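S.K.: sequence and predicted structure are below.
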Amino acid sequence: MILNHQIHVNETVTAKNPLVLIHGLFGSLSNLGMLARTYYESHSVIQIDVRNHGHSAHTAEMNYVVMAADILETLDALNIQNFSAIGHSMGGKIVMQLAHQAGERLKQLVVLDMAPFAYQESHHEQIFKALFAVKNAQIESRQQATQIMREYLHEEIVIQFLMKSFNKGQWLFNVDALFNHYSEILNWKIIQPWQREALFIRGGKSAYMSKDEHFNAIKQQFPHAKIQCIEDAGHWLHAEKTQQVLDEMNKYLY
């Protein structure tokens, strides 16, 4: 599947690998915009809507093998062979799957607050309840949708993030497919070790990269990885502490 994307071509840095930015669950290509815009001056940058998100196609199938294949098909359509990738959360798992499926093409890898690990706990039960409540209400108004969301969710920043994908009475992401495949999104199949250097950046207040089992999974599958922590940041570390995340990425990316 060729995905919806935005590409910023920098003709002055053709020797550098383009950067591919991949968002997380319920997101869209704009989510990593604060990072993408910073790299416009130094790299060509491709921002992507993964399947069932943003303006990319909806489909009943959703797992990391097909999501990584979508990225590669999109890059093939753009005549991009070698690239580096940055992924947040679910997008981080897509990036890690790319290391398995296209390890020779992928030159550098940055993962934001996600481990190559099969998580068991659900972080999104209330979010799905809110999304389905809005969908079933069949309303057009953003104000009405927001009011319904507040009956289920109490973090305004989460509500406003989700509302970015509400357009003309519809969710841009495929709520049914995301719900039906949620266990696959949490899951992970261990990959062969990727032998290049990689960068993992975690939020100090986030639970996604906080346990020995998370760190052990990284070291097993990405033995040359460096793990950095952004203190006082949660799962949305790139939005909360943008400059600190960029500082760590700049030490690694070439």
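M.R.: Yep, it's here.
S.K.: okay, now the residue lying closest to Gly204 once chain neighbours are set aside: neighbour count?
M.R.: Computed as Cβ to Cβ, 6 or more residues apart in numbering, the closest residue to Gly204 that is not its neighbour in sequence is Glu231, at 4.3 Å. The way it works is simple: take the backbone N, C-alpha and C, and place the C-beta from them, glycine included. Other residues near Glu231 number 10, with proximity taken as other Cβ atoms under 10 Å.
S.K.: contacts for stretch 231-243 next, please.
M.R.: Defining contact as Cβ atoms under 8 Å, 6 or more residues apart in numbering, one finds that stretch 231-243 is touched by 32, 34-35, 88-89, 112-113, 157, 201-206, 208, 230, 244-245.
S.K.: what about it, start to end distance?
M.R.: Stretch 231-243 has an end-to-end distance of 13 Å (criterion: Cα to Cα, to the nearest Å).
S.K.: ok, stretch 149-169 next?
M.R.: 14 Å.
S.K.: any buried residues in it, and which?
M.R.: Neighbour-count burial for stretch 149-169, with 16 or more other Cβ atoms under 10 Å as criterion, is recorded at Met149, Tyr152, Leu153, Val158, Ile159, Phe161, Leu162, Ser165, Phe166.
S.K.: the residues you listed: which two are farthest apart?
M.R.: Maximum pairwise distance in the buried residues of stretch 149-169, criterion Cβ to Cβ, is 16.0 Å, between Tyr152 and Ser165.
S.K.: can I take it that Val110 is in a helix?
M.R.: No - secondary structure of Val110 (DSSP: H, G, I helix; E, B strand; the rest coil): strand, not part of a helix.
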